[in-house]
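In: Requesting a structural model of the entry that follows:
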Amino acid sequence: MGFSTNDLWGRLGELEDDDVSHVLTGLFALYEKKLQQNEDDKNAELFFLSLDQILTQVSECNLNRR
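Out: Numbers count the residues shown, from 1 in each chain. Here you go, the predicted model:
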């Protein structure tokens, strides 16, 4: 790995809100393409499973705040 997760975390923290959505959109498109090319791509499956779990957590937290 030619990078550290700490460095990536720092770079994410420096992004403007609009750029964060571009990063998420880019990741979604990348893994969607991988899954279209290979339905058994475990990394793509894990990405979408993780995304679904995080979206559920965020939605539940937002409901609990109301």
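
In: Which residue, neighbours along the chain excluded, lies closest to residue 47?
Out: Excluding its sequence neighbours, the residue lying closest to residue 47 (Cβ to Cβ, 6 or more residues apart in numbering) is residue 31, at 4.3 Å. Using the backbone N, CA and C atoms, a C-beta is placed for each residue, glycine as well.

In: That neighbour contacts residue 48, doesn't it?
Out: Yes. With contact defined as Cβ atoms under 8 Å, residue 31 reaches residue 48; the gap is 6.6 Å.

In: who has more neighbours, those two?
Out: Legend: neighbour count by other Cβ atoms under 10 Å for residue 31 and residue 48, higher for residue 31 (18 against 13).

In: Could you report the separation of the more buried one from residue 59?
Out: From residue 31 across to residue 59, the span is 21 Å (Cβ to Cβ, to the nearest Å).

In: what's the answer for residue 53, then?
Out: Taken as Cβ to Cβ, the span from residue 53 to residue 59 is 11 Å.

In: got it, and residue 23?
Out: As for residue 23, its distance to residue 59 is 20 Å (criterion: Cβ to Cβ).

In: And for residue 20?
Out: 18 Å.

In: And the closest residue to residue 15 other than its chain neighbours, which helix or strand is it part of?
Out: Nearest non-adjacent residue to residue 15, counting by Cβ to Cβ, 6+ apart: residue 23, 6.9 Å away. Take DSSP states H and E as the rule and residue 23 turns out to sit in helix 17-37.

In: got the CA coordinates for that helix in PDB?
Out: Extracted in PDB, the C-alpha atoms of helix 17-37 (Å, rounded to 0.1, in the frame of the first residue of the first chain):
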ATOM      1  CA  ASP A  17     -18.800  19.400   1.500                       C
ATOM      2  CA  ASP A  18     -19.400  19.400  -2.200                       C
ATOM      3  CA  ASP A  19     -16.100  17.600  -2.800                       C
ATOM      4  CA  VAL A  20     -17.100  14.900  -0.300                       C
ATOM      5  CA  SER A  21     -20.200  14.100  -2.300                       C
ATOM      6  CA  HIS A  22     -18.000  13.900  -5.400                       C
ATOM      7  CA  VAL A  23     -15.700  11.300  -3.700                       C
ATOM      8  CA  LEU A  24     -18.700   9.200  -2.600                       C
ATOM      9  CA  THR A  25     -20.200   9.400  -6.100                       C
ATOM     10  CA  GLY A  26     -16.800   8.400  -7.600                       C
ATOM     11  CA  LEU A  27     -16.500   5.400  -5.300                       C
ATOM     12  CA  PHE A  28     -20.100   4.300  -6.000                       C
ATOM     13  CA  ALA A  29     -19.500   4.500  -9.800                       C
ATOM     14  CA  LEU A  30     -16.200   2.700  -9.500                       C
ATOM     15  CA  TYR A  31     -17.600  -0.300  -7.500                       C
ATOM     16  CA  GLU A  32     -20.800  -0.300  -9.600                       C
ATOM     17  CA  LYS A  33     -18.700  -0.800 -12.700                       C
ATOM     18  CA  LYS A  34     -16.600  -3.500 -11.000                       C
ATOM     19  CA  LEU A  35     -19.800  -5.300 -10.100                       C
ATOM     20  CA  GLN A  36     -21.200  -5.000 -13.600                       C
ATOM     21  CA  GLN A  37     -18.000  -6.500 -15.000                       C
END
